[in-house]
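> need a 3D model of the following:
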Amino acid sequence: MGDVTIIESKKSGGGLFSKKQPEPKKQDKELYFSELKKGEVNEIQVWLQEATSERDDEKLREVIKKVIALQTMGVDVSDLFGEMVKASNTKDLVQKKMVYLYLTQYAKANPDTAVLVVNTLKNDIQDVNPSVRGSALRYLCSLQLEQLVEYMIPAIQSRLEDEAAYVRRTAALAVAKLYNLSPQKAGQYDFINKLYELIKDNDHQVVTNAIVALNEILRNEGGIAVNVNIFLHLSNRFLSFKEWMQPTILETLNKYNFAGDGDKYIEDYLNLLETRLTSNNTSIVTAAMKNFLTVAGIATDLTDDILDRIRTPLLLAAQSTSLTPETSWAAFHHIKLLAIRDPKTYQSDYKVFYLNYHDSFSIKIIKINLLGIVAVESTAQAILEELSEYVRDKDADVARESIRNIGKVCVGIERYSESALNTLINFFNAGNPVITSTIVSVFKDLLRRYPQYEDVIIRSIDNRLNDNNRDFNNEVVGDEAISALIWITGSYVKKNYFLSSVYFIEENYVDEYEKLSANVKIELLTASMKLLLKHPP
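Numbers count the residues shown, from 1 in each chain. The predicted structure is shown next:
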C-alpha cells in the first residue's frame with residue numbers, strides 16, 4: 001500500500017480529516033490530483049467506511065473529493081460503489097452532487113447495487129429545496145437503468161408540474177431520457193402532451209427544454225409539430241428569449257406551414273426575423289436567414305423582397321473579421337447559392353469578392369467562383385482583369401479556378417468572349433504546365449459555344465505541340481482535360497494543318513489504352529472513328 005501525504009492544519013494541528021478544516025491551500029488542491037497508486041483506492045475505501053460510521057460530514061466530503069479526483073484522472077474506483085451509495089444519504093447538497101456524479105458513471109456496471117440508492121433519490125425528489133429536487137431527478141434519470149423505469153415515471157410526472165422552474169426544466173429533459181431508455185413504457189403515459197403544454201410555460205428555459213425534448217423524442221417524425229397556436233405564442237414571445245435560446249426557437253418557427261390562413265402572418269413574421277439579422281450572434285443570424293429562405297420558397301411573390309432583405313446582413317457577416325474562417329466560408333457559400341438562384345442580387349457587390357491576402361484557401365476558391373457567377377456586361381472587363389491576376393497566384397488551385405471562371409465569363413457574356421479568349425490563349429502560349437490542363441478543358445467549352453473561334457484555338461494547340469517537341473501531351477493530365485483534348489482532335493481533324501498533331505495525340509493515348517479511365521476510353525474510341533471516317537488509310 002502506497003504512502004499518502006497528509007497536509008497538517010496550522011491552526012488545529014490535525015490531519016486532512018480533522019474536524020476544523022482551514023480553507024484549502026494550493027497544496028491541498030494538488031493533493032486531490034496527485035498521481036496515486038492502485039493500492040490507495042483500498043485506503044480510501046477504509047476512510048469512507050470510517051467517515052460514514054463516525055457520521056463526520058466534513059471528513060466524508062473530503063474523502064468523496066478524493067474519489068471524484070481519481071475518477072476524473074481515469075482511475076478505476078468502481079470498488080467503492082457500495083460505500084458511495086451509503087454516502088448519498090446526506091443533507092449536504094454538494095456531497096450529494098458529487099456522489100450522484102460518481103453513481104452515474106458506474107451504475108451500469110453495478111445495476112443491483114445502484115437500486116439501493118433509489119430510496120434516497122425518491123426522498124430527495126420530494127425535498128423542500130428545489131435544487132435538491134432537480135438534482136435528484138436529473139441523476140435518477142441519468143443512471144439509465146431499466147430497473148429504475150418504474151421509479152422514474154411517477155417522479156417525472158409529479159415534477160413536470162413542480163412550482164419551481166428549475167425542477168420543471170430538469171423534468172422536461174428527463175422525459176427525453178425516459179423515452180431513450182424505454183420508449184414502450186414511456187409511450188403508455190401522456191408525456192408528449194405534457195411537453196406541448198410546457199411550451200406555454202412562463203419560464204423561457206422550460207419552453208426551450210420542452211422543445212428540445214420533443215425534437216429528440218419525435219425525431220423520426222420530423223420533430224415537434226408546430227400549429228398556428230404554437231407559432232403565434234413563440235413568435236410573440238420571441239424577443240424575450242435569451243440569445244442562446246433564440247436559434248432553437250427560430251428552428252421551431254421554421255417548421256410552421258404558412259399554407260392556407262397562415263399566409264396572413266408572413267409580413268409580421270418577416271419583420272420579426274429582420275430584427276435578428278443585425279444580431280452579433282452568428283447562430284441567430286444564420287437561423288433567421290434560413291427562415292427567410294423557407295418563406296421565400298412558399299411565398300414566391302415575396303422572393304425578391306426577401307433576397308433584398310438578407311443581402312446586406314449576409315455580406316456583412318461574410319466580411320466580418322471577428323468570425324472564424326469556417327463561419328465566413330459558410331456565409332460566402334450562402335451568398336453563392338443565392339447568386340446561382342438569382343445572379344442579379346449580388347451583381348453590384350462584385351468587388352466584395354475580390355481576394356484579400358489574409359483569406360483562407362477555401363474562401364479564395366468560393367470568391368473566385370462568385371466572380372464568375374455575378375459577372376455581367378457592365379462588370380465583365382473589371383472581373384476578367386482581376387481573375388487574370390489570380391492566374392499568377394503561387395497556389396496552383398487558385399490559378400486553375402481563375403482559369404475556369406475566365407472561361408465561364410467568356411461563355412456567358414458574348415460581348416467579352418473575344419477578350420476573354422485572348423487572355424486564355426496568352427496564358428496557354430506561356431507554357432505554364434500548372435494551368436495547361438484547365439485551359440484545354442475550357443477550350444472545349446468555348447468551341448461548343450463559339451464555333452467561330454475554332455481556328456484560333458486549334459492553331460494554339462497545334463503550335464504548342466510543335467514548339468514543345470510534342471511534350472505537350474505530358475502536360476495535359478486528369479480525365480477531364482485528356483477527354484477534352486481527345487474530343488478536340490476528333491472534332492477538328494478536318495483541319496489539314498492539324499492532322500499530324502491529331503495522329504500523334506491519338507497514337508500516344510492508344511498506347512496507354514489499358515491505363516485510361518472508362519470516360520477517356522469512350523472519348524478515344526469516338527475520336528478514332530471520326531479520324532478513320534474522315535481520313536481513311
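> secondary structure element holding L465?
When elements are defined using DSSP states H and E, L465 is found to belong to helix 454-467.
> typed the wrong thing, it's R138
R138 belongs to helix 130-142 when assigned by DSSP H and E.
> buried ones in that helix?
Residues of helix 130-142 classed as buried: 130, 132-142 (neighbour count, 16 or more other CB atoms under 10 Å). Yep, even glycine has a C-beta here, placed from its N, CA and C like the rest.
> before we move on, what about stretch 519-528?
Along stretch 519-528, the positions that meet the burial threshold by neighbour count (16+ other CB under 10 Å) are 520-521, 523-524, 527-528.
> quick one: those as a markdown table, columns for distance to T303 too.
Output for these, formatted as a markdown table (distance: CB to CB, whole Å):
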| residue | distance to T303 |
| --- | --- |
| V520 | 42 |
| K521 | 45 |
| E523 | 41 |
| L524 | 46 |
| A527 | 45 |
| S528 | 50 |
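> of those, closest to R55?
Of all those, the one with the least separation from R55 (CB to CB) is V520, at 83.7 Å.
> can you say which helix or strand has the closest one in it?
When secondary structure is defined using DSSP H and E, the element that contains V520 is helix 518-534.
> so which elements touch that helix?
helix 479-491, helix 499-511 (3 or more CB pairs under 8 Å, 6 or more residues apart in numbering; DSSP states H and E).
> mean pLDDT lowest where, among these?
Out of those, the stretch the model trusts least by mean pLDDT is helix 499-511, with a mean of 69.
> low pLDDT regions in the stretch 151-300 of the chain?
260-262 (pLDDT under 70).
> that one: helices as residue ranges?
In chain order, the stretch 151-300 of the chain shows helices spanning 165-181, 183-186, 191-198, 204-217, 228-237, 246-253, 266-274, 282-298, with DSSP state H, counting those that start in this stretch as the criterion.
> can you tell me how far A225 sits from E146?
Separation of A225 from E146 (CB to CB, to the nearest Å) stands at 29 Å.
> P183: what's it in contact with?
Contacts of P183 were listed using CB atoms under 8 Å, 6 or more residues apart in numbering, and none were found.
> repeat that for Q45.
For Q45, the set of contacting residues under the criterion of CB under 8 Å, 6+ apart consists of 79-80, 83.
> top of those residues by neighbour count?
Within these, L80 tops the neighbour count with 23 neighbours, counted by other CB atoms under 10 Å.
> and that residue, which of the three is it?
Assigned state for L80: helix (three-state reduction, DSSP: H, G, I helix; E, B strand; the rest coil).
> from what I can see it touches V67, true?
Yes - contact status for L80 versus V67: in contact at 6.0 Å, counting by CB atoms under 8 Å.
> which neighbours do these two share?
Here L80 and V67 share the contacting residues 44, 48, 102, scored by CB under 8 Å, 6+ apart.
> now these in a markdown table, with distance to D479 and neighbour count?
Written out in a markdown table, the entries for the shared contacts of L80 and V67 read as follows (distance: CB to CB, whole Å; neighbours: other CB atoms under 10 Å):
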| residue | distance to D479 | neighbour count |
| --- | --- | --- |
| I44 | 66 | 20 |
| L48 | 69 | 22 |
| Y102 | 59 | 23 |
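> now, which of the residues you listed lie within helices?
Using DSSP state H to define helices, the subset of those located there is 44, 48, 102.
> would you list these in TSV and tack on distance to Q71 and pLDDT?
As requested, those are arranged in TSV below (distance: CB to CB, whole Å; pLDDT from 0 to 100):
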residue	distance to Q71	pLDDT
I44	11	79
L48	14	79
Y102	6	82
